[in-house]
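S.K.: here are the coordinates; sequence isn't available:
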């Protein structure tokens with residue numbers, strides 16, 4: 001049975017809530033290669049799965065992959081990647097400073113990354 005966009009989104013969200021980022025990623029790219037084109041929401045759900053599992057390298061890789069697939073990351077995408085960088089405060093701040101219009105969640109994620117690494121001075125910048 002072919003998976004439609006609603007089924008794909010539900011399956012990816014379920015994987016994300018269980019921190020099964022690998023399964024979420026596989027579903028996303030299976031859909032990309034089939035007739036169903038994954039939406040920004042589906043990509044963001046996989047990024048959330050990476051965030052829940054603290055898989056920042058995978059999240060960053062997916063963010064780059066989105067751009068190569070002509071899927072424009074939004075603030076939710078960027079915030080998920082920053083939030084996945086729990087102990088990678090330098091990378092989190094680098095990504096944060098690249099956001100054109102950060103929101104409160106962007107600030108919170110960047111500050112949390114600094115706090116987790118005891119880099120409170122960096123959070124003040």
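M.R.: The structure has been received and is ready for your questions. The structure displayed is predicted, hence computed values, not measured ones.

S.K.: So the residue most central in space within the chain: helix, strand or coil?
M.R.: Note on the chain: the residue nearest the mean C-alpha position is residue 47, at 2.7 Å, using Cα atoms, centre = their mean. Under the three-state scheme (DSSP: H, G, I helix; E, B strand; the rest coil), residue 47 adopts helix.

S.K.: if I pick it, what's in contact with it?
M.R.: Contact partners of residue 47, counting by Cβ atoms under 8 Å, 6 or more residues apart in numbering, are 59, 62-63, 76-77, 80-81, 84. Where C-beta positions appear, they are placed from N, C-alpha and C, glycine not excepted.

S.K.: Most neighbours among those, which one?
M.R.: If you count neighbours using other Cβ atoms under 10 Å, the busiest of the contacts of residue 47 is residue 84, which has 29 neighbours.

S.K.: list the contacts for that residue?
M.R.: Residues near residue 84 by Cβ under 8 Å, 6+ apart: 47, 50-51, 53-56, 59-60.

S.K.: Taking those residues together, which two end up most distant?
M.R.: Of all pairs drawn from those, the greatest distance, 13.4 Å, lies between 53 and 60 (Cβ to Cβ).

S.K.: picking up where we left off before, mind picking the one among the contacts of residue 47 that's closest to residue 108?
M.R.: Of all these, the one sitting nearest residue 108 is residue 80; the distance, using Cβ to Cβ, is 12.4 Å.
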